[in-house]
Structures are given as structure tokens and as C-alpha cells.
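Participant: structure of the sequence below:
(one chain, ligands or ions: 1)
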Amino acid sequence: MALKKLVAGNWKMHGLSSDLAEVKAIAEASEAYPAVDVALCVPAILIERASRAVPGFAIGGQDVHFAEKGAHTGCVSAQMLLDAGATLTIVGHSERRDAQREIDADVRAKAEAAVACGLGVILCVGESLEVREAGEAIETVSTQLDASLPHGDASTDRLAIAYEPIWAIGTGKVPTGQDIGEMHTALRQRLVAAYGDAGRSVRILYGGSVKGSNAGEIFAVPDVDGALVGGASLKTADFMPIVEAAAAANG
Ligand code: PEP
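Facilitator: The predicted structure is shown next:
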């Protein structure tokens, strides 16, 4: 069963008030593609203004704390994201796993907190170049997924996985279609092992240097249910060809 594709942009630490015009332009252009779910995960400080600017369009966070509230300076809770108008959040991005030393147990706790609040979750996993070259990518990423997945069947409704090889993020390098396909098939098996049949409806996105020029080829790979897009999500002209390719792949 083909799942409705999700194309989500990750603006990382980019975006000021002046860029809300770009959010609006992307939201408006996306209306032409109802067969694709489109979302933008913007810096926390822009969420409220972005969601007010584009009612009905999915605005997300890029991280969430696992605690409901408390002494966590600088952090944002799931309830705060919701309150600001977000409908989803990324968790476990490799840049946070690396720079903030987030481990799988943190990522699981964050995903559980977000899902419990009613947020959608894009949970990121992916291997380093060293692991890929050692021939251990599938085993490593499968283990990472098993340890990061939120517990409980209910979470599958709002969960998506993003397979993002670390070496492909922002580098212009992309794995072969065969490598992406083998990884997504392995991750699908892990999702079914964790959630039973409900694991078949969890979308598995690919992320890492997706552009308009390679999106069609990537979306043609079985079990690729969308994309998480960094650099190419900042500008409407770069992002919309990816959404268009997702719509074309839907058939
Ligand atoms: C990302 O950071 O999630 C990402 C996929 O970045 P890029 O598209 O720039 O490689």
C-alpha cells in the first residue's frame, strides 16, 4: 500500500521575521498539491508567527524536551510547541545527537512526550560514513531505530521516520537508490516488529541532500514515503520542485 507522501522542510537555525514571506509562499504553492503532506519545521521562535501567517499549513518544531515542564533552561516542551501552533516536531536529528549528545533513550522520551501531546513526530536515524564504509549501516541504523521508537501502538498514527545518512546531510552526496531501498526495507521490518501491522502505515522519509533534480529518482524507490529536506527547503523555488516530484510519484 502506497502511503501519502510527506515532504518536510527543516530550516535549522535559519529564518527571521523577514523570511515569513517565504513560509507563506511555500504554504500557498503547496495548495496545488493536495496529494502530498507538506510541512516546515522552523526555529522555535518563529513557530507562533509562522502558524498565524499560514493557518491550516503544518508548522513544526525541530526539537522538544521530554519533560512536561521544569528547570530546563532554554528548552521547549511539547505543550509549548502546541501552544505556539506547531502540529509536529522533529526529534533525534543527527546534528542534535552529535552537538547536544542526545542518545537513543532521550530521543525515545522526546518522541513519547510529543506524541502524548498530540504532535506529529519525525524521528531521525542514520549512519556515519565510517559505519557505511564498514558495511554496518543497516545493522547500526536498525539498532538505533529499535532503541529510539516510542512505545505504544497509538503512537504510529502520528509517527514518521527519517532515514538520514549523516554523510549525505548538506554535502550533495546521496546514497544509491539501491542503498536507500535496502535501508528503508530494513526499517519497515523493524517498524512491523515493533508495532505489528500498524508499522506498515508509518511513513519512512529519506533525508540528505534532496533537491528538485534528484527527488523524482529518490521517490521512485520502494518504501520511500517522502523526504526531510534541509538546505533546499529555505526557498520556494528550490523546495516546490521536490513537492511536485512527490505528487508525481504518487501517480
Ligand atoms: C537535514 O538536515 O535534515 C537535511 C536533510 O539537510 P540537507 O537537505 O541540507 O542535506
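
Participant: so Ile59 bridges to which residues?
Facilitator: Here Ile59 sits in beta bridges with Leu40, going by DSSP bridges.

Participant: what's near enough to touch it?
Facilitator: Contact analysis of Ile59 by Cβ atoms under 8 Å, 6 or more residues apart in numbering lists Val23, Ala39, Leu40, Cys41, Val42, Ile47, Ala50, Ser51, Gly85, Ala86, Thr87. C-beta: built from backbone N, CA, C; applies to glycine.

Participant: quick check: the first one is in a helix.
Facilitator: Yes. According to DSSP: H, G, I helix; E, B strand; the rest coil, the state of Val23 is that of a helix.

Participant: next up, the contacts around it.
Facilitator: Leu40, Val42, Leu46, Ala50, Ala53, Val54, Phe57, Ile59.

Participant: what's across from the closest residue to the ligand within the stretch 1-150 of the chain in the sheet?
Facilitator: Relative to the ligand, the nearest point of the stretch 1-150 of the chain is Asn10 (4.4 Å; Cβ to the nearest ligand atom). The partner list for Asn10 in beta bridges (DSSP bridges) reads Cys41.

Participant: model confidence for it, exactly?
Facilitator: Asn10 carries a pLDDT score of 98 in this model.

Participant: could you list which residues are in contact with it?
Facilitator: Cys41, Gln62, Ile90, His93, Gly207, Leu228, Val229, Gly230, Ser233.

Participant: count of neighbours near the first one?
Facilitator: Other residues near Cys41 number 28, with proximity taken as other Cβ atoms under 10 Å.

Participant: can you check the second one too?
Facilitator: Here the count is done by other Cβ under 10 Å, and Gln62 has 23 residues near it.

Participant: list the contacts of it.
Facilitator: Gln62 touches Asn10, Trp11, Lys12, Cys41, Val42, Pro43, Ala44, Thr89, Ile90, His93, counting by Cβ under 8 Å, 6+ apart.

Participant: one more: the third one?
Facilitator: Neighbour list for Ile90: Ala8, Asn10, Cys41, Gly60, Gly61, Gln62, Asp63, Val121, Ile122, Cys124, Ala162, Leu228 [criterion: Cβ under 8 Å, 6+ apart].

Participant: check Ala248 too.
Facilitator: Gly216, Phe219.

Participant: so it sits in a helix?
Facilitator: Yes. Counting by three-state DSSP, Ala248 is found in a helix.

Participant: gap between it and the ligand?
Facilitator: 20 Å (Cβ to the nearest ligand atom, to the nearest Å).

Participant: Ala215 now?
Facilitator: Ala215 is 11 Å from the ligand, by Cβ to the nearest ligand atom.

Participant: measure how buried that residue is and give me the count.
Facilitator: 24.

Participant: now stretch 206-217, how far from the chain's geometric center?
Facilitator: Distance of stretch 206-217 from its chain centroid, counting by Cα atoms, centre = their mean, to the nearest Å, is 14 Å.
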